[in-house]
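In: Coordinates only, no sequence provided:
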């Protein structure tokens, strides 16, 4: 494919459709053609993947193996479609099997080349990762919709609640506290911050709020107060999805070293998750104003934080997807 | 610490296929667990198993040893002969040091000689020495007389079976469910009374061969201080998978078929290296599985004590 044709092709793929011509011109040399044979397994479920595949020619069958080796057909992809982006960004396990139906051609962006782009053209790398995060967010919302429907159907079925779930406590409060109150020697164990240099740690710590939450406090992710990236230093935050009739179901619990709020950093609209303080918590909070200040002071740190947010968005899609499978499997009897 | 496997199904499965078969089998997890890097589980192996075709099927076959399971010729011999409809098995992991006691009474699962319910535990209740005098108030004398080990888990079991009028009775699923929740409430109450706030994981597995109750729970999870062991900053894991048949498919032991759910496995970590056909039980959960008309049913709920 000539360079002009490649640029035209990229402009027409949903992944890069909003990229500027300059960005596409920088990106194009980092894409490598890859020919696939008929019936070739391109990605294997449970394996690792370090590439984004952009389909130029051919058809690719996507299936998922569920518990009991149940094969679920997900999609048939063709030219301009893409796959592999979520697992590459999140470094998670591949959750589907991708098989080429006939002789196919893909352009491939490898993790290695993305890393080179991060170093040489960070803006372009940032745009790619941002786009993947936005698409992951959209897909996460689709999963939420299915969860809502499932919760609604289950609540009107014969399944009764056998325990009283943990709910927000209206009297629970939070206070913003001094950084000096925190034992910073324990930061080294926080997985989310492990890739930062000492200097970047110092800059980050000078731009965060340290907030102590009481058990039962409900952080509304849609509120301005809830628009932050939260690094859990101590305690536990329960991430819950809201049902249409004010029902809440658990997605995950974030403990020390983990982070939450990454999806609400991507867009302005109200989010559909709530963060419930399950155990008394100390949270390092980075809001949009903090991020803007970090951008001015230390751009490499800003890029790292952005990468972290985008990777978390991609990884979270996997978590939400698994919980949907869990709900479906649990409610199977009720819904019949 | 520790790894646990529980199986319940209408299919009678060769014990060997469950314990040794999968590529990340419980026996392999004793020396090479995939989801815990800090410790091996070499301080004992135990199992309670039920077979519907055996004589007196309500009474489990019960085996405990401090021998390493992968060297245990008795276990190998038993595995060649026995089939199971329900299996609760456990490999025990403890700190490396002389302060630990590696003896048969400390091996899980726990079961009173005539009781129907057995229990295994993955986790660690901190400051047990301080709690024991308080917990003793909740344990029936006829149960307390059998406490012979030094583990926190035996005390969980003792409080649990003491919730029944007759600790040996074959109680219903609802009764076992309520008793387990009550046990957690008692532990919470004692912790609050004594001011204990350090993280204490209590993934508990209970069965009588007909149903299963499991928890994925940590008391005071997440408190981050110098005193907290790094392993306790992560929530102890619990996974499940289900299917129509368990056996050797495509060269590996796994579940197959999903139209009729006849079998379920819950385990501290997936038994196959491919984790994607396993589902994680959410944190702070209590779950139940039971057999009805040869089918396995499963539900989980939030555990808030």
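Out: Thanks, I have it. This one's a predicted model, so the numbers in the text were calculated from it and none came from an experiment.

In: my guess is residue B:79 meets residue B:16, correct?
Out: Yes - between residue B:79 and residue B:16 a contact is recorded at 3.8 Å, counting by CB atoms under 8 Å. (Each C-beta comes from the backbone N, C-alpha and C, glycine too.)

In: Tell me who's in contact with the closest residue to chain B within the stretch 51-200 of chain A.
Out: Closest contact between the stretch 51-200 of chain A and chain B, by CB to the nearest CB, is at residue A:68 (3.2 Å). For residue A:68, the contact set (CB atoms under 8 Å, 6 or more residues apart in numbering or on different chains) comprises B:241-244, B:255-258, B:261, B:277.

In: now with 6 Å?
Out: Contacts for residue A:68 (CB atoms under 6 Å, 6 or more residues apart in numbering or on different chains) come out as B:243, B:255, B:257-258.

In: Can you give me the neighbour number for residue A:201?
Out: 15 (other CB atoms under 10 Å in any protein chain shown).

In: The helix or strand it falls within: what's the following helix or strand?
Out: Using DSSP states H and E, residue A:201 sits in helix A:198-205. Sequence-wise, the next helix or strand downstream of helix A:198-205 (DSSP H and E) is strand A:209-213.

In: can you list contacts of that following strand?
Out: Outside strand A:209-213, the residues within contact range by CB under 6 Å, 6+ apart are A:174-177, A:179, A:277, A:281-285.

In: who's the closest residue to residue A:39 other than its chain neighbours bridged to?
Out: Closest residue to residue A:39 apart from its sequence neighbours, by CB to CB, 6 or more residues apart in numbering or on different chains: residue A:99 at 6.2 Å. With DSSP bridges as the criterion, residue A:99 is bridged to residue A:41, residue A:61.

In: ok, residue A:99 touching residue A:59?
Out: No - applying CB atoms under 6 Å, one finds residue A:99 not in contact with residue A:59, separated by 9.6 Å.

In: Doesn't residue B:93 lie inside a helix?
Out: No - Residue B:93 is assigned coil when assessed by DSSP: H, G, I helix; E, B strand; the rest coil, not a helix.

In: Tell me where the chain is predicted with low confidence.
Out: Picking chain A for this. Within chain A, the stretches with pLDDT under 70 are A:156-160, A:185-189, A:221-226, A:243-248, A:268-271, A:336.

In: oops, chain B please
Out: Checking chain B against pLDDT under 70 turns up B:226-232.

In: hmm, back to that, and chain A, which of the contacts of residue A:68 reach it?
Out: Restricting the contacts of residue A:68 to those touching chain A (CB under 6 Å from any CB of the partner chain) yields B:243, B:255, B:257-258.

In: Tell me how many other residues surround the closest residue to residue A:55 other than its chain neighbours.
Out: Leaving aside its chain neighbours, residue A:55 sits nearest to residue A:81 (4.9 Å; criterion: CB to CB, 6+ apart). For residue A:81, the tally of surrounding residues (other CB under 10 Å) stands at 18.

In: Alongside chain A, which residues does the stretch 201-305 of chain B contribute?
Out: Counting by CB under 6 Å from any CB, the stretch 201-305 of chain B sits next to chain A at B:221-222, B:224, B:233, B:241-243, B:255-258, B:274, B:276-277, B:279, B:282-283, B:297, B:299, B:301-302, B:304.

In: can you do 7 Å?
Out: B:220-224, B:230, B:233-235, B:241-244, B:249, B:254-258, B:274-277, B:279-280, B:282-284, B:286, B:297-304 (CB under 7 Å from any CB of the partner chain).

In: Would you show me how to pick out the buried ones of these in ChimeraX?
Out: Command for ChimeraX, covering only those of these found buried under the criterion 16 or more other CB atoms under 10 Å in any protein chain shown:
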select /B:220,221,222,223,224,233,234,235,241,242,243,244,254,255,256,257,258,274,275,276,277,279,280,282,283,284,286,297,298,299,300,301,302,303
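
In: Which members of the residues of the stretch 201-305 of chain B next to chain A occur in strands, if any?
Out: Counted as lying in strands by DSSP state E, out of these, are B:241-243, B:249, B:254-256, B:279-280, B:286, B:297-302.

In: Redo the contacts of strand A:209-213 as CSV? Include secondary structure and neighbour count.
Out: Formatted as CSV, these follow (DSSP: H, G, I helix; E, B strand; the rest coil; neighbours: other CB atoms under 10 Å in any protein chain shown):
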residue, secondary structure, neighbour count
A:174, strand, 15
A:175, strand, 9
A:176, strand, 9
A:177, strand, 13
A:179, helix, 12
A:277, strand, 24
A:281, strand, 28
A:282, strand, 20
A:283, strand, 27
A:284, strand, 24
A:285, strand, 19
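
In: Output those as a markdown table; include the columns distance to chain B.
Out: Output for those, formatted as a markdown table (distance: CB to the nearest CB, whole Å):
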| residue | distance to chain B |
| --- | --- |
| A:174 | 16 |
| A:175 | 18 |
| A:176 | 19 |
| A:177 | 15 |
| A:179 | 15 |
| A:277 | 10 |
| A:281 | 7 |
| A:282 | 8 |
| A:283 | 11 |
| A:284 | 12 |
| A:285 | 16 |
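
In: farthest-separated two in those?
Out: Greatest spacing in the contacts of strand A:209-213, by CB to CB: A:179 and A:277 (20.1 Å).

In: residues near the nearest residue to residue B:173 once chain neighbours are set aside, how many?
Out: Take residue B:173 and drop its neighbours on the chain: the residue closest to it by CB to CB, 6+ apart is residue B:211, 4.4 Å away. If you count neighbours by other CB under 10 Å, residue B:211 ends up with 22.

In: hey, what's residue B:211 bridged with?
Out: Residue B:211 forms beta bridges with residue B:290, as assigned by DSSP bridges.

In: isn't it right next to residue B:175, touching?
Out: No - in this structure residue B:211 lies outside contact range of residue B:175 using CB atoms under 7 Å: 10.6 Å.

In: and the longest strand for chain B?
Out: When chain B is parsed with DSSP E, its longest strand is strand B:3-14.

In: Name every strand pairing with it and say which way it goes.
Out: strand B:83-91 (antiparallel), strand B:263-267 (antiparallel).

In: tell me the phi and psi of residue B:109?
Out: Main-chain torsions, residue B:109, degrees, to the nearest 10: phi -80, psi 160.
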